[in-house]
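> sharing a model prediction with you, sequence too.
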Amino acid sequence: MAVIKLRRDKRHRIYCPHCTRKAGENRRVWQNAYDLPLGPVNLVSIQYEAIQGYCSGCRSYFTIHPHGIDRYTNATKRLMHYVCRLCRFMPGNKISIFLPVSTSTARRWDKRILTQHLPDPDLNNLHTILVDEKSIGPHHHYLTVVINGENGEVLHLAEGKKKASLESFFQKLTPKQIKKIKAVGMDRAGAYKAVVREYAPKAEIVFDKFHIIANINVAIDDVRRTEWNKAKKEDKKFIKGQRYNLFRNPERLKPEQASSLVDLFEANESLFQAYLLKDALRNLWTYIYPKWADKYLSKWISWVKDSEIQPLIKFAKGLDRDRKEILACIKHRITSAKLEAFNGTINRIVKRACGYRDLDYLYLKIRQEGSPPVLQT
Ligand SMILES: [Zn+2]
């Protein structure tokens, strides 16, 4: 351990931090602050004199610490910034390999620096926003997330998936900011629609591709389950383990996954049809004009009816009912890439052992992902 002692230069006068008048010194207290490693020495402690003074002008007591020392954490600001930068790329529990800092301290410092230096989200120019619920952790803890539909910035993170979780977002906005919002993307199920109707009646509700595809995957899973129950013993082996392959888009299948799907489709026609119909539905979002998309949607619904696959027919009826909101997605050119990217980010951050119990910290970490790689101050 290296100790660096700092003494105050007595030629400098003391000024009151409140009213900047000259002030008197009451006493000095020796204090410690940890600093960056010095060559091979990992643990560097700076000992300095904190000066306690009294200002007769505004009748207040104050303590002066040297510039660059964070008085609340007993560390220099540059050490905290360094920890913050490391925390961006590695889990908090790995920091102790490089620095004599415990996991909890590393996280506390990281949170403190991010709170101080991350800029607030820009709420002034919102045109489209995406609302989603996200389940994380082993106990299916739910979060409500609001993302800027244009640049993917995370605007809001709240516990739960109820009305109140989204209301707290709209309560942050001014009437002028709300007025600018033209479209709100969301899932068809859930409590968000009512909140948007109430707080932003002018905004159009949009059911985006990301959620519709998630919905059809649920329907396809239903098909898979019924087919499994119907299948003869020797055919079950084809269905087994195919759940996630059926969810994947054909272009994302690895060769071995694709070939096992082909085997399944040869054995089971209903699942093959369901998979083709899902793939056909994805074409809906390639249309530029809502009118043409509308025609395609009608066509798709009639294909489903012909297929006589019950879970899909039920799903198609739902689409028919929500036609307006689905086509609004094409009108407002909302892409689900931002939501998908966000899902990847949050999974990565939670996995990196930031945990999710401290929601404020999780929010900061997610917002940090959208900022330049090194947060310089
Ligand atoms: Zn004063």
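On my side now, so go ahead. Numbering: from 1, shown residues only.

> so for Lys299, what's the pLDDT?
In this model, Lys299 is scored at 94, pLDDT.

> using the three-state scheme, assign it.
Under the three-state scheme (DSSP: H, G, I helix; E, B strand; the rest coil), Lys299 adopts helix.

> strands of the stretch 201-350 of the chain, start to end?
For the stretch 201-350 of the chain, the strands defined by DSSP state E, counting those that start in this stretch occupy 204-207.

> kindly list the single helix or strand of the chain that scores lowest on mean pLDDT.
Taking mean pLDDT, DSSP states H and E as the measure, the chain has helix 233-239 as its least confident helix or strand, at a mean of 76.

> could you pull out the buried residues of that one?
Within helix 233-239, the residues scored as buried using 16 or more other C-beta atoms under 10 Å are 238-239. For glycine as for every other residue, the C-beta is placed from the backbone atoms N, C-alpha and C.

> equivalent analysis for stretch 57-73, please.
Taking 16+ other C-beta under 10 Å as the basis for neighbour counts, the residues of stretch 57-73 that come out buried are 62, 64, 66, 69-70, 73.

> okay, and which of those map to helices?
By the criterion of DSSP state H, membership of the buried residues of stretch 57-73 in helices covers no residue at all.

> so, if you compare those residues, which one comes nearest to Ser102?
Each of the buried residues of stretch 57-73 was checked against Ser102 using C-beta to C-beta; the closest is Thr73, at 12.5 Å.

> hang on, the earlier thing: what's the least confident helix or strand of the chain packed up against?
The elements that helix 233-239 packs onto, with contact taken as 3 or more C-beta pairs under 8 Å, 6 or more residues apart in numbering; DSSP states H and E, are helix 209-230, helix 255-267.

> what's the last one in contact with?
With C-beta atoms under 8 Å, 6 or more residues apart in numbering as the test, helix 255-267 has contacts from 235, 238-239, 241-242, 245-246, 248, 250, 253, 271-272, 275.

> from the residues you listed, which would you call buried?
Burial by neighbour count, judged by 16+ other C-beta under 10 Å, picks out 238-239, 242, 245-246, 271, 275 from these.

> helices - which of these land there?
Under the assignment DSSP H, these contribute 238-239, 245-246, 271, 275 to helices.

> which of the contacts of helix 255-267 sits closest to the ion?
The shortest distance between the ion and any of the contacts of helix 255-267, using C-beta to the ion, involves Arg248 and amounts to 67.1 Å.

> what separation do you get for the closest one and Lys134?
For Arg248, the distance to Lys134 under the criterion C-beta to C-beta, to the nearest Å works out to 20 Å.

> ok so, going back, as a markdown table, the buried ones among the contacts of helix 255-267 with distance to Val44 would be great.
Putting these into a markdown table (distance: C-beta to C-beta, whole Å) gives the following:
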| residue | distance to Val44 |
| --- | --- |
| Phe238 | 64 |
| Ile239 | 62 |
| Gln242 | 58 |
| Asn245 | 54 |
| Leu246 | 57 |
| Leu271 | 64 |
| Tyr275 | 61 |
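
> quick revisit: for the least confident helix or strand of the chain, the distance to its chain's centre please.
Relative to the centre of its chain, helix 233-239 is centred 40 Å away, using C-alpha atoms, centre = their mean, to the nearest Å.

> same deal with stretch 198-215?
From the chain centre to the centre of stretch 198-215 is a distance of 18 Å (C-alpha atoms, centre = their mean).

> alright, that wraps it up for me.
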